[in-house]
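*Asks:* I need the structure of the sequence given here:
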Amino acid sequence: MFPLRHELGVEPFTGAVAAPRAVAHMGMGDFESLCHYEPLGRAERSTMNINEVLFPAGMTTIGLEEAFVSDLDYHPEAIRTGFGRSLLFQFWLTSFTQGIIARGMLEPADATTFDKQLDTAPWARVALDSFAPGALRRTCPGEALLDTTARVTPLCSTGMRAGFAAVESWPGLRALWNPDENDIRPRWNAGTRRETP
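*Replies:* Numbering: from 1, shown residues only. You can find the predicted model right below:
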């Protein structure tokens, strides 16, 4: 899904392609939604629950809950989607984690770089606007997706901004930028690392 925007104008394509070393995504089960972290470019798939990477990097349950509640209080329109706080927390946590990963792609950066990129790079805003429908596509009926996206994208943006800035307080989160160099492995696959071809 792409936003219906015409003001972007024609921008030249270059050889520069964003290639993150990991992504955050929502895993949807029958009765749960969980934020996952997945290193890319590996021969074996190694999707992990987010607590397996955030907590060893120094984050705490209380710190994450407080940040989420603060952001949700600032964006009450997200509650009007009908989603429960648990699903909204996982959505926010996915956004938060993707903000950490985005920071690694823009280094050297500081906490203000996130907003500067959104203000000066129209395609960054388009990418951000596509995050919510991508994360919620299996949870939200198609006819409600545009309205739901409009209600949760501000929470998504705030969550990404919080993750982007979190590296200042928890430097251990930098490990998420280079999962292989930091040997981030799921607990069920803690054995020897296989080289990718």
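*Asks:* what pairs with the lowest-mean-pLDDT helix or strand in the chain, and is each one parallel or antiparallel?
*Replies:* Ranked by mean pLDDT, DSSP states H and E, the weakest helix or strand in the chain is strand 33-39, scoring a mean of 78. Note on strand 33-39: by DSSP bridges, its sheet partners are strand 22-28 (antiparallel), strand 48-49 (antiparallel).
*Asks:* out of the ones you listed, which gets nearest to Gln117?
*Replies:* Distance to Gln117, taken as CB to CB, is lowest for strand 22-28 among the strands paired with strand 33-39, at 17.7 Å. From N, CA and C alone the C-beta is placed, and that goes for glycine too.
*Asks:* tell me which residues in that closest one are buried?
*Replies:* Ala22, Ala24, His25, Met26, Met28 (16 or more other CB atoms under 10 Å).
*Asks:* who touches Leu93 in this structure?
*Replies:* Ala24, Cys35, Ile50, Leu64, Phe68, Gly159 (CB atoms under 8 Å, 6 or more residues apart in numbering).
*Asks:* skipping its backbone neighbours, what lies nearest the last one in space?
*Replies:* Put plainly, it is Gly159. Ser95 (3.3 Å; CB to CB, 6 or more residues apart in numbering).
*Asks:* helix, strand or coil: sort out that neighbour for me.
*Replies:* What DSSP: H, G, I helix; E, B strand; the rest coil gives for Ser95 is helix.
*Asks:* was I right about it contacting Cys156?
*Replies:* Yes - using CB atoms under 8 Å, Ser95 makes contact with Cys156 at a distance of 4.5 Å.
*Asks:* quick one: contacts for the residue nearest the centre of the chain?
*Replies:* In the chain, the C-alpha nearest the mean C-alpha coordinate belongs to Gln98, at 2.5 Å (CA atoms, centre = their mean). Going by CB under 8 Å, 6+ apart, Gln98 touches Val23, Ala24, Phe131, Met160, Gly163.
*Asks:* who wins for proximity to Asn182 among the strands paired with strand 33-39?
*Replies:* Here strand 22-28 is closest among those (CB to CB), at 10.6 Å.
*Asks:* distance of the closest residue to Arg125 other than its chain neighbours from Pro56?
*Replies:* Leaving aside its sequence neighbours, Arg125 sits nearest to Leu118 (CB to CB, 6+ apart; 5.4 Å). According to CB to CB, to the nearest Å, Leu118 and Pro56 sit 30 Å apart.
*Asks:* ok, back up a step: dump the strands paired with strand 33-39 into CSV; add distance to Thr148 and mean pLDDT as well.
*Replies:* Shown next, in CSV, are the strands paired with strand 33-39 (distance: least, CB to CB, whole Å; pLDDT from 0 to 100):
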stretch, distance to Thr148, mean pLDDT
strand 22-28, 14, 83
strand 48-49, 25, 84
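*Asks:* re the thing from before, ok, now which ones touch the residue nearest to Arg125?
*Replies:* With CB under 8 Å, 6+ apart, Leu118 has these contacts: Ala124, Arg125, Leu128, Ser157.
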